[in-house]
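Enquirer: turn this into a structure:
(2 chains)
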Amino acid sequence: MSAELRSNFLRTQIENDLAKGQVSELVTRFPPEPNGFLHIGHAKSIAVNFGLAEQFGGRCHLRFDDTNPEKESQEFIDSIQEDVRWLGFEWSGEVRHASDYFEQFYEWALYLIEKGMAYVCDLSPEEAREYRGTLTEPGKNSPYRDRSAEENRSLFCRMRAGEYADGERVLRAKIDMASPNINLRDPILYRIRHATHHQTGDQWPIYPTYDFAHGQGDAVEGVTHSICTLEFEDHRPLYDWFIKHLPVPHAPRQIEFARLNTSYTVTSKRKLKQLVDEGIVSGWDDPRMPTIAGLRRRGYPAEAIRHFCEEVGTSRSDSLVDVAMLESAVRDRLNKFAPRAMCVMSPVRVELTNLLVPLQLSVQNHPSDSSFGHRELTMNSALLIDRDDFREQANKHFKRLVLGKRVRLRGSVVIEAESCDKDENGNVTTIYARCVTQEAGLDPEDGIKPKGVIHWVCASTAIPAVVRRYDRLFCTPEPGRSENLLDVINPHSLTILDDVMVEPALRDANPEAVFQFEREGYFVADRFDHVSEKPVFNLVIGLRDTWSDKNV
RNA sequence: UGGGGCGUCGCCAAGUGGCAAGGCAGCGGGUUUUGAUCCCGCCAUUCGGAGGUUCGAAUCCUCCCGCCCCAGCCA
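Expert: Numbers count the residues shown, from 1 in each chain, chains lettered A, B, ... in the order given. Next up is the predicted model:
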């Protein structure tokens, strides 16, 4: 990766901890709950955790925070692993699960009971809410708060034995019902859920809460820096409370950073699901989705996503990053690594009146990197160019083909338009032109140079393809803030062009291969739909355009 | 009106008492067989506001203002 790693508070903190010898090796973890697909926000967290481990020569674990079996599944465990790998990271050791430590957590719960720091509470969820108090009023002690250790142990063991119904009892820590921090008002450690768990099956009728599992999981794994997002900051006193009172083998430290938000994007699971359910997109991996699977299918390179995450920095201030920054990272990467090709989106025929013998052309695959080599193109008298690249007449700003004017064909000769045929509606059907030069790389002998260059394909050898042009899914920078998501959907987020013509070699493009279609943008052969019999390309991102909106 | 955070250029973001990096966006100009890329230049006398400490403050202190998070047996 790049040599420039900007300073941020996490790196500074870790440098200090390492320098002072407080930790000898950095250990981080990426702890997703397997209850949905990963999105760009998770990518940031992944980049932070794995990136830090990489930078400081430490290790990063992948641990599934699987404490809520009713919402989780193996399907998500699989897709999350695929996404992390695709992003270019490899976790240290085996995949871990919070559920791997359920027995240990249970032992620790018993330990707290013995020490009088936890009790079984019979309050119903509704009653518990009333006892909890509000943001401004303290809570009240549960009437079950002073049960003896023996009674608590017995009750808790019977909870584990499955003797009670869901929701009937919980195990709570005995901390302080009057704490201004609601997380410390006797938080729940275990709840009863007679649910089959994707990893542990029917072994457990009780499951630990996030608060009781996360820090202890970190402790078991020797995690030194447990990096999470800002909304967990209020949980830190509780995190520390468990670490302090339990005989854990190691004391991890929680540090929070601001989650990534990007403009024109929504990442809430509920809203993403709504897009899928209402058919606004084709699925969780639709190329317009901010999911990792969606970005991948869109053709965004993993390297660009990683670079973007580094570029935006890591801080503690809530922010909304301009999605143009992500797009810039994508263009930057693709400009260097995407081979060039030609694709005519809206074909119109050109007859070269004076080309008697077909030209064999050798065209560079990359304008500034010869290692991409050359490709052989045949050009005969029948060509296809884009409808937008021809006008019967135009002002001086138009640098393409105009009747009586010249233009260069990319990688080939200079032509001059002489006349055109039109149908009854006035649409141009055929343009007649003559070659002004006889071979590629030459300028006209009369010294009248063409003003521009246009792309083309050979009418007889080009092959048809489908192009899906994607645009932003939303027409407002903060779609998540609107009352109804459907009100801010961009109705033009997808345009399908099914009569485009591409160079014949593109038939053999591998799925997920990205090309720059010259003068148009970057396009990726669809991961699933592209086949040589019917090539399908998705627009990754258009070329930067500093001209179109300034002119008519 | 309880608690916890955050406020540096349009958007991100360095900076931790010595005189405001960088990226994105934007704007000029140059090169160019992609109106792309690339290159050059411009873009915060000022760090949410007001006081104070200091030879010196974005950095320390005080007060004020604004925004975000927390009352799941979700994570």
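
Enquirer: show me which residues of the stretch 101-250 of chain A sit near RNA strand B.
Expert: A:123-125, A:128-129, A:132, A:134-136, A:166-170, A:180-183, A:188, A:191-192, A:207, A:209-211, A:214, A:230-235 (C-beta under 7 Å from any atom of the strand). For glycine as for every other residue, the C-beta is placed from the backbone atoms N, C-alpha and C.

Enquirer: take the residues you listed and keep only those in helices.
Expert: A:Pro125, A:Ala128, A:Arg129, A:Arg132, A:Tyr210, A:Asp211, A:His214 (DSSP state H).

Enquirer: and the pLDDT at the residue sitting furthest away from the middle of chain A?
Expert: Going by C-alpha atoms, centre = their mean, the residue of chain A most distant from its centre is A:Asp446, 53.6 Å out. pLDDT, A:Asp446: 93.

Enquirer: residues in contact with it?
Expert: When the contact criterion is C-beta atoms under 8 Å, 6 or more residues apart in numbering, A:Asp446 has no partners at all.

Enquirer: try it again at 10 Å.
Expert: A:Asp446 makes contact with A:Val436, according to C-beta atoms under 10 Å, 6 or more residues apart in numbering.

Enquirer: how about A:Pro504?
Expert: By C-beta under 10 Å, 6+ apart, the neighbours of A:Pro504 are A:Leu377, A:Thr378, A:Val457, A:Cys458, A:Ser460, A:Thr461, A:Ala462, A:Ile463.

Enquirer: of the residues you listed - the most surrounded one?
Expert: A:Val457 (25 neighbours; other C-beta atoms under 10 Å).

Enquirer: tell me the secondary structure for that residue?
Expert: Secondary structure state of A:Val457, per DSSP: H, G, I helix; E, B strand; the rest coil, is strand.

Enquirer: that one contacts A:Glu518, doesn't it?
Expert: No. Counting by C-beta atoms under 10 Å, A:Val457 stays clear of A:Glu518, with 11.2 Å between them.

Enquirer: okay, and the common contacts of those two?
Expert: Residues touching both A:Val457 and A:Glu518 (C-beta under 10 Å, 6+ apart) are A:Ala341, A:Met342, A:Cys343.

Enquirer: what's the burial count for the second one?
Expert: This means A:Met342. Neighbours of A:Met342 (other C-beta under 10 Å): 28.

Enquirer: skip the chain neighbours and tell me the closest residue to it.
Expert: Closest residue in space to A:Met342, ignoring its immediate chain neighbours: A:His455 at 4.3 Å, by C-beta to C-beta, 6 or more residues apart in numbering.

Enquirer: any idea how far the one you found is from RNA strand B?
Expert: 7 Å (C-beta to the nearest atom of the strand, to the nearest Å).

Enquirer: is it true that A:Pro31 touches A:Pro252?
Expert: No. Look at A:Pro31 against A:Pro252 with C-beta under 10 Å: they stay out of range, at 11.7 Å.

Enquirer: now the common contact residues for those two.
Expert: Contacts common to A:Pro31 and A:Pro252, judged by C-beta under 10 Å, 6+ apart, are A:His214, A:Gly217, A:Asp218, A:Val223, A:Ser226.

Enquirer: now the terminal residues of stretch A:28-36, how far apart.
Expert: 22 Å (C-alpha to C-alpha, to the nearest Å).

Enquirer: the residue lying closest to A:Ile496 once chain neighbours are set aside bridge partners, please.
Expert: Leaving aside its sequence neighbours, A:Ile496 sits nearest to A:Arg468 (C-beta to C-beta, 6+ apart; 5.4 Å). On the basis of DSSP bridges, A:Arg468 is bridged to A:Ile496, A:Asn538.

Enquirer: which residues touch A:Arg468?
Expert: A:287-288, A:298, A:494-498, A:523-524, A:526, A:529, A:536-539.

Enquirer: kindly report the same for A:Val344.
Expert: A:383-387, A:389, A:454-457, A:459, A:462, A:465, A:499-503, A:517, A:520.

Enquirer: ditto for A:Ser460
Expert: A:Pro358, A:Thr378, A:Met379, A:Asn380, A:Ser381, A:Ala382, A:Leu383, A:Leu384, A:Pro504.

Enquirer: between the residues you listed, which is nearest A:Glu151?
Expert: Among these, A:Pro504 lies closest to A:Glu151 (C-beta to C-beta), at 80.4 Å.

Enquirer: can you give me the neighbour number for the closest residue to A:Gly521 other than its chain neighbours?
Expert: Closest residue to A:Gly521 apart from its sequence neighbours, by C-beta to C-beta, 6+ apart: A:Gly542 at 3.8 Å. When neighbours are defined as other C-beta under 10 Å, A:Gly542 has 17 of them.

Enquirer: next one: A:Ile80
Expert: Neighbours around A:Ile80, by other C-beta under 10 Å: 24.

Enquirer: what comes up buried for the helix or strand hosting it?
Expert: Under the criterion of DSSP states H and E, A:Ile80 resides in helix A:74-86. If you call a residue buried by 16 or more other C-beta atoms under 10 Å, then helix A:74-86 has these buried ones: A:Phe76, A:Ile77, A:Ser79, A:Ile80, A:Gln81, A:Asp83, A:Val84.

Enquirer: do that helix and RNA strand B meet?
Expert: No. Helix A:74-86 stays clear of RNA strand B (C-beta under 7 Å from any atom of the strand), getting no nearer than 12.2 Å.

Enquirer: who touches whichever helix or strand comes after that helix?
Expert: Using DSSP H and E, the helix or strand that follows helix A:74-86 towards the C-terminus is strand A:96-97. Strand A:96-97 has contacts (C-beta under 10 Å, 6+ apart) with A:29, A:31, A:34, A:61-67, A:77, A:197-200, A:217, A:220-221.

Enquirer: 8 Å instead?
Expert: Counting by C-beta under 8 Å, 6+ apart, A:Arg29, A:His61, A:Leu62, A:Arg63, A:Phe64, A:Asp66, A:Gln199, A:Gly217, A:Glu221 sit against strand A:96-97.

Enquirer: helices or strands next to the following helix or strand past that strand in the packing?
Expert: Per DSSP H and E, the first helix or strand lying C-terminal to strand A:96-97 is helix A:102-114. Where contact means 3 or more C-beta pairs under 8 Å, 6 or more residues apart in numbering; DSSP states H and E, helix A:102-114 is packed against strand A:118-121, helix A:149-160, strand A:170-173, strand A:188-192, strand A:206-208, helix A:210-221.

Enquirer: what's the mean pLDDT across helix A:102-114?
Expert: In this model, helix A:102-114 has a mean pLDDT of 98.

Enquirer: and stretch A:301-318, by the same measure?
Expert: What stretch A:301-318 shows for mean pLDDT is 98.

Enquirer: low pLDDT regions in the stretch 401-550 of chain A?
Expert: Judged by pLDDT under 70, the stretch 401-550 of chain A has its weakly predicted residues at A:549-550.

Enquirer: which parts of it are strands?
Expert: A:401-402, A:406-409, A:414-422, A:428-435, A:453-454, A:456-458, A:463-470, A:494-502, A:514-517, A:521-525, A:536-542 (DSSP state E, counting those that start in this stretch).

Enquirer: could you say what helices and strands the first one packs with?
Expert: In terms of contacts (3+ C-beta pairs under 8 Å, 6+ apart), strand A:401-402 is packed against strand A:390-391, strand A:414-422.
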